[in-house]
Every structure is written in structure tokens, then in C-alpha cells.
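Student: what shape does this take:
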Amino acid sequence: MSETKWLGTSYSHPDEISAERWSRLMLSPHAYSAMVTERAERDQSAPTVGDMAPDFTAHCLSATGGMTGEQFRLSHSLGRPVGLIFGSYT
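Tutor: Just a heads-up that it's a prediction; the model follows:
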């Protein structure tokens, strides 16, 4: 696991980033600071290992990727194992 750095994240402080790395990042120091600050704030409320998963509802997909019209709600599976597959169409 990464060593905790700036704002409790694994990101480097902007002053520690070289000019070469800034050009590769394609971010201004201001945009970078805003991104890291937003992530640090979001991570404060994120569940940690061992926490109960937050309840959610998701649309069920068919084997071909279309929606089935059914929905899955995590709280309806309490006490049973659930496997979730996350993916992206991008």
C-alpha cells in the first residue's frame, strides 16, 4: 500500500512535483490541488474494510448487455453472499 502523503492521500504535495512531471500530468498546480482536496474529502466518508456495504439498487443486465427490467437491491440479500462485477463501457 502507498505511503500516506499529502492530505492523507497517496498523492505528492504540489511543491514536490518536478516540472517534467507537471508537463506529463497536464494539470495546473491549482487543478491538481483541487482534485486531491476533493478526493481527500470524499475518502473521509468512504467505507473501510470490514464495514457494512452501503445499500444500493442496480439495474440487472442480460447476458447480451441489455437491461432485463429487473432491479437488484443489496439489502434484499442480507445474510447471503453477493458477488458484484464492475466494469466500464468506455
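Student: rest of the way, CA atoms for contacts and neighbours
Tutor: Fine.
Student: quick one: the helices in the chain?
Tutor: Using DSSP state H, the helices of the chain run over 19-25, 29-44.
Student: who's in contact with the residue of the chain most remote from its centre?
Tutor: Most distant residue from the mean C-alpha position of the chain: Ala19, 27.9 Å away (CA atoms, centre = their mean). Residues near Ala19 by CA atoms under 8 Å, 6 or more residues apart in numbering: none.
Student: could you identify which of the helices of the chain is most buried?
Tutor: Of all the helices of the chain, helix 29-44 carries the top mean neighbour count, a mean of 14, counting by mean count of other CA atoms under 10 Å.
Student: which non-adjacent residue is nearest Tyr32?
Tutor: Once flanking residues are discounted, Tyr32 sits nearest to Pro14: 7.6 Å by CA to CA, 6 or more residues apart in numbering.
Student: same deal with Ser33?
Tutor: Closest residue to Ser33 apart from its sequence neighbours, by CA to CA, 6+ apart: Pro14 at 7.2 Å.
Student: repeat for Ser62
Tutor: Here the residue nearest Ser62, using CA to CA, 6+ apart, is Thr68, at 5.8 Å.
Student: run a quick neighbour tally on that neighbour.
Tutor: Thr68: 11 surrounding residues under other CA atoms under 10 Å.
Student: swap in Pro81?
Tutor: Neighbourhood size, Pro81 [other CA under 10 Å]: 6.
Student: mind listing what it touches?
Tutor: Contacts of Pro81 by CA under 8 Å, 6+ apart: none found.
Student: how about Ala53?
Tutor: Pro47.
Student: just the pLDDT for it.
Tutor: We have a pLDDT of 83 for Ala53.
Student: do Met1 as well
Tutor: At Met1, the pLDDT value in this model is 44.
Student: change the start of the numbering to 46 and stick with it
Tutor: Sure thing, new numbering starts at 46, so read that last one as Met46.
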